[in-house]
Each structure stands twice: as C-alpha cells, then as structure tokens.
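Undergrad: got a sequence here, can you model it:
(one chain, ligands or ions: 2)
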Amino acid sequence: MSLTDIKSFDNKELSQFIVEKGYPRFRADQIYDWLHLKMVTSFSQMSNLPKNLIDNLSSICYISVANIEKKLVSQYDNTIKYLFSFADKECVEAVVMDYHHGYSMCISTQVGCKMGCTFCATGRGGFVRNLTASEILSQIHTAQKDLGVRISNLVLMGMGEPLDNFENVVKFLRLVTFEQGLNIGARHITISTCGIVPKIYELADLQIPVNLALSLHAPTDEMRIKTMPINKKYPIEEVLKACRYYADNTGRRITYEYAMINGVNDSDECAEKLANLLKGTLCHVNLIPVNRVEGTNYNPSKDKRLTSFVRVLSKYNVNSTVRRTLGSDINASCGQLRGKNIKDKGGV
Ligand code: SAH
Ligand code: SF4
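TA: Ligands and ions are numbered 1, 2, ... in the order given. Below you'll find the predicted structure:
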C-alpha cells in the first residue's frame with residue numbers, strides 16, 4: 001500500500017481525512033499546525049497528539065522533506081544556493097536571496113524539464129519527474145529552518161516548467177498562501193513560464209493574483225524557435241495574447257524575461273522588434289546577460305550592447321532593467337549545480 005502524502009492536503013482535505021479515520025476534527029487542526037507552522041519532519045514530534053493517532057499516521061502517511069544535500073554561500077552577496085534531495089534521492093536546486101526588503105527564494109517545480117530550451121542547463125538535462133505540492137513547499141520549510149528567517153517573496157524560477165506541473169503548482173499556491181501556514185501573499189509570488197498558452201488562461205481564471213513572468217528571449221518566431229522549442233506549439237502572438245488576458249484578468253503587470261546572448265538576440269534591430277511587440281502594454285522587461293552553460297557556445301552580451309538595447313526600448317516607453325545574476329560564484333542559475341552533482345557522482 002502506498003503511503004499518503006499528508007503535507008499536500010489543504011486544511012479541508014486534512015479534516016476530512018482525519019474524521020474519516022475516526023478522530024475528532026480538532027486533531028486535524030493540530031496536525032496542520034505541526035506540518036505548516038512548526039514545519040516538523042516526523043509524526044513523533046507532534047507532542048499534543050495521542051500515541052495511537054501518531055502510530056496510525058506513521059503507518060499510513062509520510063511527511064515529505066527537502067533534505068540539504070549541498071549548501072553554497074556566495075562570498076559576494078550572501079546569496080545561498082541549496083541542492084535538496086527528496087525521499088527517492090532525486091535532487092532539485094533552490095536559491096535564497098537577501099534583499100533589503102526581506103528574503104526572497106527561488107524554488108523548483110520539477111526534477112528536470114521537458115521543454116528543451118537550448119540555453120538552459122535544466123532543459124539540457126532532460127525531464128525526470130514532477131514535484132508534489134508538498135515537495136515544492138518543503139524547499140521553503142527547510143530553508144526557513146536552516147537560516148532562521150522568514151521567506152517573504154517567492155519566485156517559481158528554479159528547475160522545471162511550473163505550468164507543465166499545473167495541478168501540483170496550484171495546490172502548492174493554495175498551501176503557501178493560506179493563513180494557517182507560511183501565509184505568503186499571492187502578490188509576493190511570481191510564476192515564470194516558457195509560455196504554455198492554455199495553462200496561462202487557466203491560471204488567469206483561477207484568480208490567484210500571482211505575478212506572471214514570461215520567458216520570451218527572442219522578438220520573432222523564427223528566432224525563438226531556435227532556442228525555445230515550445231514556440232513551435234505556441235507562437236509569440238498567441239503567448240502575448242494569453243499574457244494580455246492574464247494582465248486584464250488579474251490586474252497584475254507581466255514581466256518579460258529576455259536572456260541577452262551575444263550576437264544572437266541582442267542587436268538594436270531585435271530591441272526595435274521587441275519594443276514593437278510590447279509597446280502600450282502594462283509590462284516590464286528583465287534583461288539578463290545569459291549565464292554560460294557547459295556544452296553551449298552562448299556568451300553574455302557586452303555592457304555596451306545592454307545599454308544600447310535598454311535605450312531602444314525606452315524610446316518606445318517600454319521599461320526594462322538589466323539584471324545581473326546574484327551569486328555568480330556559486331552557479332546560482334538554475335540546473336547548474338544539479339548537473340555538476342550528477343557528474344561528480346559519476347553520472348551523465
Ligand atoms: N521554466 C520556467 C521557469 C524556470 S527557468 C521558464 O522557463 O520561465 C527560470 C528563468 O531562467 C527563465 O526565464 C529561463 O529562461 C532563464 N534561464 C534559463 N537558462 C538561463 C541562462 N543560461 N541564462 C539566463 N537565464 C536563463
Ligand atoms: Fe525548462 Fe524553463 Fe529551462 Fe526552458 S528555460 S528548459 S522551460 S526550465
């Protein structure tokens with residue numbers, strides 16, 4: 001018999017589960033507190049429960065935990081990168097950043113990714129499996145306990161494509177925004193996607209006002225298809241339409257991610273085309289000099305190019321910011337540490 005993933009239950013589901021097992025409803029509240037406020041990792045720590053309930057839960061349920069496999073602290077900016085492992089030893093990466101206004105965490109939603117973007121270390125490594133809602137949540141639990149801080153901002157920008165693991169991600173959003181839990185406001189959460197169009201509409205209709213970031217990375221279909229295979233299925237025009245729907249429906253501004261690759265997508269002509277796509281919409285463009293990934297010959301754009309690109313965009317009143325990767329000494333961009341760990345252990 002497979003064990004039940006108790007930390008993925010929301011409070012209603014947990015109540016139902018506990019009542020069905022013949023225990024009073026208030027026990028469910030106590031258990032929910034232990035799991036989501038005190039963030040315990042074993043049933044034996046639930047000291048206000050009767051022994052028979054603890055024994056019963058231990059025999060039919062498990063509490064998912066993100067174990068720290070590796071932890072790297074950047075000397076430059078206090079960015080902390082974790083490699084977490086789950087019960088089946090599969091690993092994902094997460095990064096905690098210390099900003100002036102609080103701690104922000106970048107978490108993973110899948111082990112690997114199916115989308116195959118050519119510039120991305122995760123995409124190059126292929127897909128292994130989806131994370132459960134509790135595994136996504138446990139990354140935050142472990143980091144908060146390890147660092148003794150409260151994470152106040154979240155970005156789903158680690159390994160994986162969040163909208164390709166839709167059900168678990170939505171479940172996770174419900175758990176993490178719930179008052180009797182981490183209680184992180186939807187407005188402090190950003191989901192980044194390569195552009196799975198039907199799921200953008202579905203998310204918009206759920207009315208959970210999280211921020212949406214679209215990984216655009218090229219201003220034309222012809223160019224985008226070369227680096228992002230998803231563009232064959234969902235071309236730029238359809239993705240932008242979905243993003244506009246998202247913005248209209250949730251009132252949230254869309255962020256467009258644009259990795260600047262030397263000599264590939266960073267010309268002034270590209271900037272003109274990008275500006276023409278986005279002008280007049282409520283948006284912001286993040287220009288990120290591409291991180292070097294082993295096995296590719298992509299290089300980050302030169303500073304002069306970045307400045308010029310920003311200037312062209314601003315001519316069309318399209319706001320943009322150049323984002324330098326934090327923690328550049330600790331492979332802080334996604335997929336790089338896991339790839340290295342597999343190699344160190346004699347894997348691919
Ligand atoms: N799958 C989602 C979220 C995870 S990737 C998505 O693609 O949006 C998080 C961000 O990192 C995306 O914007 C992605 O395009 C970007 N990224 C991936 N590899 C990169 C690299 N080598 N340099 C810069 N950004 C990269
Ligand atoms: Fe997947 Fe995002 Fe990487 Fe593309 S950029 S391969 S969608 S994780």
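
Undergrad: give me the phi and psi for residue 211.
TA: Dihedral pair for residue 211: phi -80, psi 150, per degrees, to the nearest 10.

Undergrad: isn't it right up against residue 193?
TA: No - with contact defined as CB atoms under 8 Å, residue 211 does not reach residue 193; the gap is 11.4 Å. C-betas here are computed from N, CA, C, even on glycine.

Undergrad: what about these two, which has more around it?
TA: For residue 211 versus residue 193, neighbours defined as other CB atoms under 10 Å are more numerous around residue 193 (25 against 20).

Undergrad: okay, helices next: where are they in the stretch 151-300 of the chain?
TA: Counting by DSSP state H, counting those that start in this stretch, the stretch 151-300 of the chain has helices at residues 166-177, 197-206, 221-227, 230-233, 236-250, 268-278.

Undergrad: list the buried residues of the fifth one.
TA: Put plainly, it is helix 236-250. Judged by neighbour count (16 or more other CB atoms under 10 Å), helix 236-250 contains these buried residues: 236, 239-240, 242-243, 246-247, 250.

Undergrad: show me what from this structure comes close to ligand 1.
TA: Residues of the chain found near ligand 1 (CB under 6 Å from any ligand atom) are 119-120, 157, 161, 192-194, 215, 257, 259, 288, 290-291, 293, 333-334.

Undergrad: 8 Å instead, please
TA: 106, 109, 113, 115, 117, 119-123, 156-162, 164, 192-194, 213-215, 217, 228, 257, 259, 288-293, 296, 298, 325, 333-335 (CB under 8 Å from any ligand atom).

Undergrad: looks to me like residue 95 is in a helix.
TA: No - under DSSP: H, G, I helix; E, B strand; the rest coil, residue 95 falls outside any helix and is assigned strand.

Undergrad: OK, now which residue of the stretch 51-200 of the chain is nearest to ligand 2?
TA: Ranking the residues of the stretch 51-200 of the chain by distance to ligand 2 (CB to the nearest ligand atom) places residue 123 first, at 2.4 Å.

Undergrad: so how far is the helix or strand that contains that residue from its chain's centroid?
TA: Residue 123 is part of helix 121-124 when elements are defined by DSSP states H and E. A distance of 15 Å separates the centroid of the chain from that of helix 121-124, by CA atoms, centre = their mean, to the nearest Å.

Undergrad: okay, now residue 205: neighbour count?
TA: Neighbour count for residue 205, taken as other CB under 10 Å: 12.

Undergrad: any idea how far apart the tips of stretch 29-48 sit?
TA: 11 Å (CA to CA, to the nearest Å).

Undergrad: let me fix that, I meant to ask about stretch 61-72.
TA: Length of stretch 61-72, first residue to last, CA to CA: 32 Å.

Undergrad: what sits up against that stretch?
TA: Contact with stretch 61-72 is made by 3-8, 35, 40-43, 80-87, 91-92, 94, 132, 134-135, 138-139, 141-142, 146, 327, 330-331, 337, 341, as judged by CB atoms under 8 Å, 6 or more residues apart in numbering.

Undergrad: which members of those residues occur in helices, if any?
TA: Using DSSP state H, the members of the contacts of stretch 61-72 that fall within helices are 35, 134-135, 138-139, 141-142, 146, 337, 341.

Undergrad: parallel or antiparallel, which strands does the strand or helix carrying residue 70 pair with?
TA: Residue 70 belongs to strand 67-73 when assigned by DSSP H and E. Note on strand 67-73: by DSSP bridges, its sheet partners are strand 80-85 (antiparallel).

Undergrad: avg pLDDT for the partner strand?
TA: Here strand 80-85 scores 97 as its mean pLDDT.

Undergrad: and the buried residues of helix 236-250 as a markdown table, adding pLDDT?
TA: Output for the buried residues of helix 236-250, formatted as a markdown table (pLDDT from 0 to 100):
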| residue | pLDDT |
| --- | --- |
| 236 | 98 |
| 239 | 98 |
| 240 | 97 |
| 242 | 97 |
| 243 | 97 |
| 246 | 96 |
| 247 | 95 |
| 250 | 93 |
